[in-house]
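Trainee: Quick one, structure for this:
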Amino acid sequence: MVWFGWFAFALGALSTLRLLVALARLRRWLRAGDVRRFEAGATPRVRIVTVGAPEPFEHQNYPDYEVEAAGRATSIAGEAGRTPAWTVRVNPAARPDPLFLRDAVAGERTTVHFAPMAIEARTVGDRIRALSVNTDGLLHALAFGAGRARAGAVARQGDGPGHALARRALPVVANGVDWRERFDPLAALLSAAPVCLLVSLFQETPPGSLTFLLVLAFTRAGLAFGMELRFVRDGSTLRAIPLLPLLWILEPLLLLFGRALGPATLASR
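Mentor: Alright, predicted model coming up:
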């Protein structure tokens, strides 16, 4: 099947192009997330909305916010009863640090998306999820826009235009990153490139297919290592790297059909 070899080659080329675009933006994003570069800014009142418990959000380095957890509002800091300027809808499995809200309201955009960074991946399923989220999930958002960052948090100021990616990723316990939130046909198509390239190697294939496969594999493993050192720091992403061949098979299916599992859990839709 000569056509399949060319299909895999084209898919590999597109996936590699996405990789190059994302890597070019990754360095700037990491530099922007250096807390030593953070500057004091405006602190409008913020409402955090989550379907989980309020405790993970109670120690923000922020003067004026409230938490609406499972439908019940609790004023944490500032004057109760004031109308919030920003609403931040957060995955209940998120584990934000004290600067989370300052990230949410930074800049001039009206919508800020937080890329999730899966932590505490203990089971095989969790590690597959973490390897997907912490590598291709982040690259996809960097390459195609902030709106592709899903299953973390979304901060909104009114309904105006303008989207931005938060300066830092949001740690989320791996078993709380729902495949239903990550539905994305384009991501599913591009994630199928490695397994298609691998299969095509056993047939008549265009020159360069093996190169695409090796670039995609080694870059994903390297990125997993880098994100482990920068964000995760519990060893779970490193332990997931040997599962990469299994991820190549499962990831396209989960990204495409995960939505059929049921309604999304992040209170942003």
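Trainee: Pretty sure residue 87 sits in a strand.
Mentor: Yes. Assessed with DSSP: H, G, I helix; E, B strand; the rest coil, residue 87 lies in a strand.
Trainee: Surely it and residue 49 touch.
Mentor: Yes. At 6.2 Å, residue 87 and residue 49 qualify as touching, with contact defined as C-beta atoms under 8 Å. In short, each C-beta sits where N, CA and C put it, glycine included.
Trainee: Mind listing the shared neighbours of the two?
Mentor: Here residue 87 and residue 49 have no joint contacts, going by C-beta atoms under 8 Å, 6 or more residues apart in numbering.
Trainee: For the helix or strand bottoming out on mean pLDDT in the chain, which helices and strands make contact with it?
Mentor: Sorting the helices and strands of the chain by mean pLDDT, DSSP states H and E puts strand 72-77 at the bottom, at a mean of 74. The contact analysis (3 or more C-beta pairs under 8 Å, 6 or more residues apart in numbering; DSSP states H and E) places strand 72-77 against strand 65-69.
Trainee: Number of residues surrounding the nearest residue to residue 122 once chain neighbours are set aside?
Mentor: Using C-beta to C-beta, 6 or more residues apart in numbering and skipping the chain neighbours, the partner closest in space to residue 122 is residue 236 (7.0 Å). Residues contacting residue 236 under the criterion other C-beta atoms under 10 Å number 20.
Trainee: With residue 116 instead?
Mentor: When counting by other C-beta under 10 Å, one arrives at 31 neighbours for residue 116.
Trainee: In this structure it contacts residue 172, no?
Mentor: Yes. Here residue 116 reaches residue 172: they are 4.4 Å apart, a contact under C-beta under 8 Å.
Trainee: Report the set of residues contacting both of these two.
Mentor: 91, 94, 133, 151-152.
Trainee: which among those gets closest to residue 28?
Mentor: Closest to residue 28 out of the shared contacts of residue 116 and residue 172 is residue 152 (19.2 Å), distances taken as C-beta to C-beta.
Trainee: Please report how far that closest one lies from residue 226.
Mentor: Shown here: residue 152 relative to residue 226, a distance of 18 Å by C-beta to C-beta, to the nearest Å.
Trainee: ok, and the closest non-adjacent residue to residue 233?
Mentor: Residue 233 sits nearest to residue 119 (C-beta to C-beta, 6+ apart), 8.0 Å away.
Trainee: quick one: contacts for that neighbour?
Mentor: Counted by C-beta under 8 Å, 6+ apart, residue 119 has contacts 95, 130, 171-174, 231-234, 236.
Trainee: now swap in residue 146 and tell me
Mentor: Taking C-beta under 8 Å, 6+ apart, one finds 111-113, 163-165 in contact with residue 146.
Trainee: quick one: which of those residues is nearest to residue 254?
Mentor: residue 113 (20.6 Å).
Trainee: Distance from stretch 196-211 to the middle of the chain?
Mentor: Distance of stretch 196-211 from its chain centroid, counting by C-alpha atoms, centre = their mean, to the nearest Å, is 30 Å.
Trainee: buried sites along it?
Mentor: 196-198, 200, 205, 209 (16 or more other C-beta atoms under 10 Å).
Trainee: could you give the mean pLDDT of that stretch?
Mentor: Mean per-residue pLDDT for stretch 196-211: 87.
Trainee: Quote the end-to-end distance of that stretch.
Mentor: In stretch 196-211, first residue to last residue: 13 Å (C-alpha to C-alpha, to the nearest Å).
Trainee: Now for the closest residue to residue 193 other than its chain neighbours: which residues touch it?
Mentor: Spatially, and ignoring its direct neighbours in sequence, residue 193 is nearest to residue 15 (3.8 Å; C-beta to C-beta, 6+ apart). Listed by C-beta under 8 Å, 6+ apart, the contact partners of residue 15 are 190-191, 193-194, 212, 216.
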